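Novice: Can you look at this prediction? I've put the sequence above it.
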Amino acid sequence: MKIKLFLLSIYLNGYKYKIFITQPTDIYHLLIFLSYQKELIIVEHNGKIHNNSNKDPKYIKQKDKIEIITIVGGG
């Protein structure tokens, strides 16, 4: 059985990455793969901030720019 791989070039936190995927992937699954806790981050996708309350998936496309900002508590 042959598995089709798709190569995507994305920018993540200012760095260019090339990722191989087998099917369309959304930002939520990318965050799970990178071991981020979605309650403690803010995601900017192509200049727009997305929060956890958005139910429609934002799929990753070629040359997308994603910024992940981690929320840190302190005093």
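Specialist: That came through fine. Numbering: from 1, shown residues only.

Novice: Residue 19 contacts residue 8, correct?
Specialist: Yes - Residue 19 is within contact range of residue 8, at 5.2 Å (criterion: C-beta atoms under 8 Å). In short, each C-beta sits where N, CA and C put it, glycine included.

Novice: shared neighbours of those two, anything?
Specialist: Both residue 19 and residue 8 lack any common contact, where contact means C-beta atoms under 8 Å, 6 or more residues apart in numbering.

Novice: Give me the neighbour count for the residue nearest to residue 61 when sequence neighbours are not counted.
Specialist: Counting by C-beta to C-beta, 6 or more residues apart in numbering, the nearest residue to residue 61 once its immediate chain neighbours are dropped is residue 8, at 7.5 Å. For residue 8, the tally of surrounding residues (other C-beta atoms under 10 Å) stands at 16.

Novice: Next up, the contacts around residue 8.
Specialist: Counting by C-beta under 8 Å, 6+ apart, residue 8 makes contact with 18-21, 60-62, 64.

Novice: what's the residue nearest the centre of the chain sitting at in phi/psi?
Specialist: Nearest to the geometric centre of the chain sits residue 27, at 3.6 Å (C-alpha atoms, centre = their mean). In terms of degrees, to the nearest 10, the main-chain angles of residue 27 are phi -60, psi -40.

Novice: cool, residue 31 as well?
Specialist: Dihedral angles (degrees, to the nearest 10) for residue 31: phi -60, psi -40.

Novice: Mind pulling the model confidence for it?
Specialist: Residue 31 is assigned a pLDDT of 88 by the prediction.

Novice: quick one: strands adjacent to whatever helix or strand the residue nearest to residue 61 lives in?
Specialist: Element membership of residue 8 [criterion: DSSP states H and E] is strand 6-12. When pairs are called by DSSP bridges, strand 6-12 turns out to pair with strand 15-21 (antiparallel), strand 65-70 (parallel).
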